[in-house]
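Participant: Okay, sequence plus prediction incoming.
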Amino acid sequence: MEVINASDWVRPDVDAAQKARAVAASILADVQARGEDAVREHSLAIDGFEPRVLELEPWRNYPLTEETRKHMDLAAERIQQFAEMQFSMYRDLEREDRYGRYGQRVVPLDRMAAYIPGGRFPLVSTALMTLIPARVAGVGERVAVSPGDAPEIRAAASRAGATSFVHLGGAQAIAALAIGTGLQASVDMIVGPGNAYVNAAKALVQDRVQIDTLAGPSEILVLCDDSIDPEWVAFDVLAQAEHDPMALSVLASTSDSVLTRVAQVIERESKACPEKDTGLIQLVLCSDVDQMVALSNRMAPEHLQLACKPGKVDPLRLRHYGSLFIGAHSAVALGDYCTGPNHTLPTMACARRKGGLQVGDFLKILTWQEIAPDHYGELAQTAIHLAGIEKLDFHRRSLEVRR
């Protein structure tokens, strides 16, 4: 494998998916015009099944092995514990001065939906990661939507606290959730990953509903030195590359020998599994720690793995990432399932401006104010003056009539 110098690294172009956007726009327009009939027709034509609402049973009723139940329960519990920790930072607040009282209320959304892929990979973990934070936040209606109806997916949705389950996929599912039909009422927020058509549809409905993020192909950046077993980090980049043929896995190191050994492992495994349609893997040579940090902050990766000697790279210097994994044993694949922090993360350098899915995404901060009559006039003088500067006469007069 070719090794790239850090100064020459650029993010690869990703197909803009013009076709997906055109198809999604057509489906959205059709659902807007014809409602549930359009949803049913597109589901039959694209996925080959009639959409239906399935009643969820208690999660332990599904035909799972005892081992699957045990591990699903442990993962759900850890995700919930982390979400509850996040929720503790959100609270009603109030302050008071001589002019009155002011505050905020923390209020959950009424309805959300989690899209759970069920095609290429039935992502049971997505059900847990998207629905549990919404339940902790107090969202009243939590809809699980998936083109897969395997017992594992329905059990995970039930364990995560879904209040309903709709067997439906693709852009038609996003349209039904955003517009509302007889099959499913419209929701306030749609979260969860999907294929290019799902992603395009989410982009097109942002004027109607809130979304988590526009998910691009999975990404990882591993920063490592010669203290790590090259075999370990080689499998870390391979693990992310197997998500999607367009996934991006980058490993950067100051050690030539580490990069050489990682390349050997990747070539060995690629030959052993020729059927794997993996994404792009890049090996990057950095001159020093500063160049590794600069590369990381420029890439703003979805997953950032710090596999160096303790203290070699200060984590506080790493400013842009979806989630950070510190230390040799903090494998990104653990975070995909059961460490606790959410795995629904920003891609395509969106981590420069936002973090991963969290409890606060399902909450609204509502502010309020109550002005004391005795000191109204004093405070109003400021507002009256500023209204005059802005030439908003009725603003000024609405203040003056109260004096």
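Facilitator: Sure thing, it's come through. Numbering: from 1, shown residues only.

Participant: from here on, contacts and neighbour counts on C-alpha atoms
Facilitator: Fine.

Participant: What segments of the stretch 251-400 of the chain are helices?
Facilitator: 256-272, 289-299, 332-337, 376-389, 393-400 (DSSP state H, counting those that start in this stretch).

Participant: Show me what counts as buried in the fourth one.
Facilitator: Neighbour-count burial for helix 376-389, counted by 16 or more other CA atoms under 10 Å, picks out 376-377, 380, 383-384, 387.

Participant: if we can go back for a sec, could you dump the helices of the stretch 251-400 of the chain into CSV with distance to residue 167 and mean pLDDT added?
Facilitator: Converted to CSV, the helices of the stretch 251-400 of the chain look like this (distance: least, CA to CA, whole Å; pLDDT from 0 to 100):
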stretch, distance to residue 167, mean pLDDT
helix 256-272, 36, 94
helix 289-299, 37, 97
helix 332-337, 23, 96
helix 376-389, 54, 96
helix 393-400, 52, 97
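
Participant: which one of the ones you listed lies closest to residue 19?
Facilitator: Taking CA to CA, helix 289-299 is the member of the helices of the stretch 251-400 of the chain nearest to residue 19, at 26.8 Å.

Participant: Low-confidence regions, the stretch 301-403 of the chain specifically.
Facilitator: Counting by pLDDT under 70, the stretch 301-403 of the chain shows no low-confidence range.

Participant: For residue 319, find the nearest of the helices of the stretch 251-400 of the chain.
Facilitator: Here helix 289-299 is closest among the helices of the stretch 251-400 of the chain (CA to CA), at 6.1 Å.

Participant: Tell me the buried residues in the closest one?
Facilitator: 289, 291-299.

Participant: Check stretch 185-197 too.
Facilitator: Buried residues in stretch 185-197 (16+ other CA under 10 Å): 186-197.

Participant: Just the CA trace of that stretch, in CSV.
Facilitator: The C-alpha atoms that make up stretch 185-197 are tabulated as CSV, following Å, rounded to 0.1, in the frame of the first residue of the first chain:
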residue,chain,number,x,y,z
ALA,A,185,-48.4,10.6,11.9
SER,A,186,-45.7,13.2,11.2
VAL,A,187,-42.9,13.5,13.8
ASP,A,188,-40.8,16.3,15.1
MET,A,189,-37.4,14.7,14.6
ILE,A,190,-36.0,11.9,12.5
VAL,A,191,-32.7,10.3,13.5
GLY,A,192,-30.6,7.3,12.3
PRO,A,193,-28.5,6.4,9.3
GLY,A,194,-29.6,5.0,6.0
ASN,A,195,-28.6,4.6,2.3
ALA,A,196,-28.1,7.4,-0.2
TYR,A,197,-31.8,7.7,-0.8
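
Participant: contact partners of that stretch?
Facilitator: Among residues not part of stretch 185-197, those counted as contacts by CA atoms under 8 Å, 6 or more residues apart in numbering are 17, 20-21, 23-24, 109-117, 126, 130, 170-171, 174, 176-180, 199, 202, 209-213, 215, 344, 362.

Participant: rewinding a little: want to throw the buried residues of helix 376-389 into JSON lines with distance to residue 153?
Facilitator: Shown next, in JSON lines, are the buried residues of helix 376-389 (distance: CA to CA, whole Å):
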{"residue": "376", "distance to residue 153": "58"}
{"residue": "377", "distance to residue 153": "61"}
{"residue": "380", "distance to residue 153": "58"}
{"residue": "383", "distance to residue 153": "56"}
{"residue": "384", "distance to residue 153": "59"}
{"residue": "387", "distance to residue 153": "57"}
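
Participant: from those residues, which is closest to residue 45?
Facilitator: Closest to residue 45, out of all of the buried residues of helix 376-389 and judged by CA to CA, is residue 387, at 58.2 Å.

Participant: dump the residue contacts of the closest one.
Facilitator: 393, 395-396.

Participant: how about 6 Å then?
Facilitator: residue 396 (CA atoms under 6 Å, 6 or more residues apart in numbering).

Participant: Look up how far residue 379 lies from it.
Facilitator: Using CA to CA, to the nearest Å, residue 387 is found at 13 Å from residue 379.

Participant: related to what we said a few turns ago, which ones among the buried residues of stretch 185-197 lie within helices?
Facilitator: 196-197 (DSSP state H).

Participant: ok, the buried residues of stretch 185-197 vs residue 105, which is closest?
Facilitator: residue 188 (18.4 Å).

Participant: Give me the pLDDT value at that closest one.
Facilitator: With respect to pLDDT, residue 188 scores 98.

Participant: Pull the number of nearby residues for the residue nearest to residue 330 when sequence neighbours are not counted.
Facilitator: Distance criterion CA to CA, 6 or more residues apart in numbering; nearest residue to residue 330, sequence neighbours excluded, is residue 305 at 7.7 Å. Neighbour count of residue 305, defined by other CA atoms under 10 Å: 25.

Participant: gap between the strand or helix carrying residue 82 and the chain center?
Facilitator: Per DSSP states H and E, residue 82 falls inside helix 66-87. Here helix 66-87 is found 18 Å from its chain centre; the criterion is CA atoms, centre = their mean, to the nearest Å.

Participant: Out of the buried residues of helix 376-389, flag the one nearest to residue 37.
Facilitator: residue 387 (52.3 Å).

Participant: Centroid-nearest residue for the protein?
Facilitator: Closest residue to the average C-alpha location of the chain: residue 344 at 3.0 Å, with CA atoms, centre = their mean.

Participant: quick one: pLDDT of residue 274?
Facilitator: With respect to pLDDT, residue 274 scores 82.

Participant: mind listing what's buried in stretch 338-345?
Facilitator: Neighbour-count burial for stretch 338-345 [16+ other CA under 10 Å]: 338-345.

Participant: okay but residue 230 is in contact with residue 262, surely?
Facilitator: Yes - between residue 230 and residue 262 there is a contact under CA atoms under 6 Å: 5.3 Å.
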